[in-house]
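Asks: Fold the stuff below for me.
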Amino acid sequence: SEHSICVAVPDSQGPAAIEALEAVFELELARTTVNSVSLLRDMSIVAIIGEGMAFQPGVTATFMRALSTANVNVRAIAQGSSERQVAVVVNSEDTTRALRSVHQAFTLSGTVVSVGMIGANSGVGTSLLKQLEKQSQYLKDKLSFQVKIVAAATRGGLVKDDKYMGIDIASIPGAMSTAGAMD
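Replies: Residues are numbered from 1 along each chain as shown. Model prediction:
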């Protein structure tokens with residue numbers, strides 16, 4: 001069987017960590033009792049922490065299911081010895097999607113609806129954008145419901161948010177006038 005040790009350090013300290021590990025394991029690397037030391041960049045840690053986790057079956061399954069549903073690849077998994085914490089390492093570009101999905105799975109945040117609009121500069125599209133801008137705070141505060149526009153398209157172009165954080169609704173009409181034509 002294979003054994004490995006994973007250490008998470010800030011991205012800027014990665015090269016120094018590799019150098020330190022290679023120095024500490026110099027003999028083991030030479031004898032090949034340790035095969036290699038490697039560095040993965042642009043990673044993030046997402047964790048769940050709770051007092052009752054050790055006695056609540058299915059918590060880790062819910063965590064992993066949420067990550068899977070969000071199409072987030074888990075690169076490493078760790079559980080604290082106290083069984084109060086489970087952490088995963090994911091690609092940094094997936095962090096927002098992972099957090100949203102996990103929060104939703106444990107109902108730690110309200111519902112977030114990601115919307116793609118076609119015809120964003122039409123009469124109906126413009127009216128919808130104005131209404132969403134006017135009502136967004138009410139929906140968030142009173143109904144725990146958040147609408148995020150992640151893409152807006154017209155015949156003339158497309159504006160999108162690849163990180164799914166949401167495009168500022170007020171900026172969409174201006175962004176549409178400068179958007180490049182769609183292929």
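
Asks: CA only for contacts and neighbour counts going forward, please
Replies: Will do.

Asks: now for the longest strand along the chain, which elements pack on it?
Replies: Identified as the longest strand of the chain according to DSSP state E is strand 145-154. When contacts are defined as 3 or more C-alpha pairs under 8 Å, 6 or more residues apart in numbering; DSSP states H and E, strand 145-154 packs onto strand 111-118, helix 123-143, strand 157-160, helix 172-178.

Asks: Using the centroid of the chain, identify the residue furthest from it.
Replies: In the chain, the residue that sits farthest from the middle, by C-alpha atoms, centre = their mean, is residue 31; the gap is 39.7 Å.

Asks: And it, how close does it get to residue 137?
Replies: Look at residue 31 and residue 137: by C-alpha to C-alpha, to the nearest Å, they are 62 Å apart.

Asks: now residue 178
Replies: 27 Å.

Asks: What is the neighbour count of residue 173?
Replies: Neighbour count of residue 173, defined by other C-alpha atoms under 10 Å: 16.

Asks: who's in contact with it?
Replies: 120, 121 (C-alpha atoms under 8 Å, 6 or more residues apart in numbering).

Asks: Residue ranges in this structure under the pLDDT threshold?
Replies: Across the chain, the ranges flagged by pLDDT under 70 are 1, 108-110, 164, 179-183.

Asks: ok, what's across the strand from the nearest residue to residue 140 once chain neighbours are set aside?
Replies: Leaving out its chain neighbours, the residue that sits closest to residue 140 by C-alpha to C-alpha, 6 or more residues apart in numbering is residue 146, at 5.3 Å. For residue 146, the beta-bridge partners are residue 112 (DSSP bridges).

Asks: Residue 146 and residue 97, how far apart?
Replies: 15 Å.

Asks: likewise residue 47?
Replies: 14 Å.

Asks: ok, now residue 163?
Replies: 8 Å.

Asks: And these two? Which one has more around it.
Replies: Legend: neighbour count by other C-alpha under 10 Å for residue 163 and residue 97, higher for residue 97 (20 against 13).

Asks: what helix or strand is that one on?
Replies: Assigned by DSSP states H and E, residue 97 belongs to helix 95-105.

Asks: and if you look at residue 30?
Replies: Following DSSP H and E, one finds residue 30 within helix 26-31.

Asks: Off-centre distance for that helix?
Replies: 37 Å (C-alpha atoms, centre = their mean, to the nearest Å).

Asks: Return the distance of whatever helix or strand comes next after that helix from the chain's centre.
Replies: Helices and strands here follow DSSP H and E; after helix 26-31, the next one along the chain is strand 43-49. Centroid separation between strand 43-49 and its chain, computed with C-alpha atoms, centre = their mean, is 10 Å.
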